[in-house]
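S.K.: I need the structure of the sequence given here:
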Amino acid sequence: MLLDSFFLISGLALLLGGGNFLVTGASALARNLGVSPLVIGLTVVAFGTSAPELSINLLAALQGNSGISFGNIIGSNIANIGLILGLTALVRPLSIESSIISREIPMMILVSLVALIAGSDAVLRSSTDLFDRSDGLVFLLLFGVFMYYTIGDVLKKGHDPLVGEAEAFAGGKGLRDTAFNLLMFFGGLAGLIAGGKLSVDAAVGIAGVLGVPQVIIGLTVVAIGTSLPELVTSLVAVSQGKADIAVGNVVGSNIFNLLLVNGTCSVLNPVAVPQNGGIFDLLMMTAFALFLLPMGMTHGKRIVRWEGAVLLGLYLSYSIWRVAA
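M.R.: Okay, the predicted model is just below:
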């Protein structure tokens, strides 16, 4: 148990560090090639924020540990809203840009509903609940539509608050030589692969020792661990008075997790929805997504402190119930 816990912590550290190195190296390489910070922000940096989830879920899916895969994807989305936005709103009320309310939040609600429907096979088709390959293709198709629409909208406007942080990140790095950037990129990729392998194996081991379903470990420890980049980014953004970036970071991450990560995993190897509470997890994820719309449209387009306390309280109550059930 202690050894598995050590391996899990080490694996998550490798995932987070590997993701950071990969994004830094890839962004610098793109800058060396003359790619604009805006394009880097919409592609390299955006994909990089979901790199830990993608790595751990691909390995879990390929190894047949769908409980870890499902729990990490759905648990990360729930933690992103309930834990991360709840905590950051308590620190400082979160302003929400109009484009997030009109574009990203409705898209997150839509894909959450699609995931709920796709995972409800027992009700709709009288078969086992799972995200099969056809569901995965639908998710990836929606991801392509979302990226096309987002890039087109940003290019038309010339600027978008959601990529402001990414532009600053990509443009603020000094241009190092290509060999060093390649080393960072491939070193980050190696860290992601090694960290994903360690994390999955350790999570499976901990679940076995504790006698709990793999999905519980995925929904809690692994999900929170892979959501740490979003938590750090959101707290830093709030401390710098850029609360809109905090909200956009979380909403964008949720969309990427469901469409890109879950879609890719489902195409490679169908992801089973756990019979013990899986549909409730999907309902909870959808409910958290729905909560953000009225919160974003009231109080001067801000998530105020008492709303953050509600989000955090709901998340903690749900987590305690899920573990104890």
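
S.K.: what's in contact with stretch 107-122?
M.R.: Stretch 107-122 has contacts (Cβ atoms under 8 Å, 6 or more residues apart in numbering) with 77, 124, 127-131, 135, 138-139, 142, 146, 251, 254-255, 258-259, 262, 273, 278-279, 282-283, 285-286, 289-290, 292-293. All C-beta spots, glycine's among them, are computed from the backbone N, C-alpha and C.

S.K.: can you rerun that using 6 Å?
M.R.: Residues from elsewhere that reach stretch 107-122, judged by Cβ atoms under 6 Å, 6 or more residues apart in numbering: 127, 129, 131, 135, 146, 251, 254-255, 258-259, 273, 282, 285-286, 289-290.

S.K.: swap in stretch 128-141?
M.R.: Contacts for stretch 128-141 (Cβ under 6 Å, 6+ apart): 118-119, 121-122, 259, 262-263, 266-267, 270-273.

S.K.: could you redo the last one with a cut-off of 8 Å?
M.R.: Residues contacting stretch 128-141 (Cβ under 8 Å, 6+ apart): 66, 111, 114-115, 118-122, 258-260, 262-268, 270-273, 275, 278-279.

S.K.: how much space between S227 and G82?
M.R.: 10 Å (Cβ to Cβ, to the nearest Å).

S.K.: all strands of this protein, in order?
M.R.: Using DSSP state E, the strands of the chain run over residues 94-95, 130-131, 271-272, 302-303.

S.K.: I73 reaches V261, doesn't it?
M.R.: Yes. Between I73 and V261 a contact is recorded at 5.9 Å, counting by Cβ atoms under 8 Å.

S.K.: so for those two, which sits in the more crowded spot?
M.R.: I73 (31 against 28; other Cβ atoms under 10 Å).

S.K.: for that one, list the residues it contacts.
M.R.: Counted by Cβ under 8 Å, 6+ apart, I73 has contacts E53, N57, N257, L258, V261, N262, C265, V271.

S.K.: can you put those residues in CSV and add pLDDT and distance to A325?
M.R.: Shown next, in CSV, are those (pLDDT from 0 to 100; distance: Cβ to Cβ, whole Å):
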residue, pLDDT, distance to A325
E53, 77, 24
N57, 82, 23
N257, 89, 24
L258, 92, 24
V261, 89, 26
N262, 91, 23
C265, 89, 25
V271, 88, 21
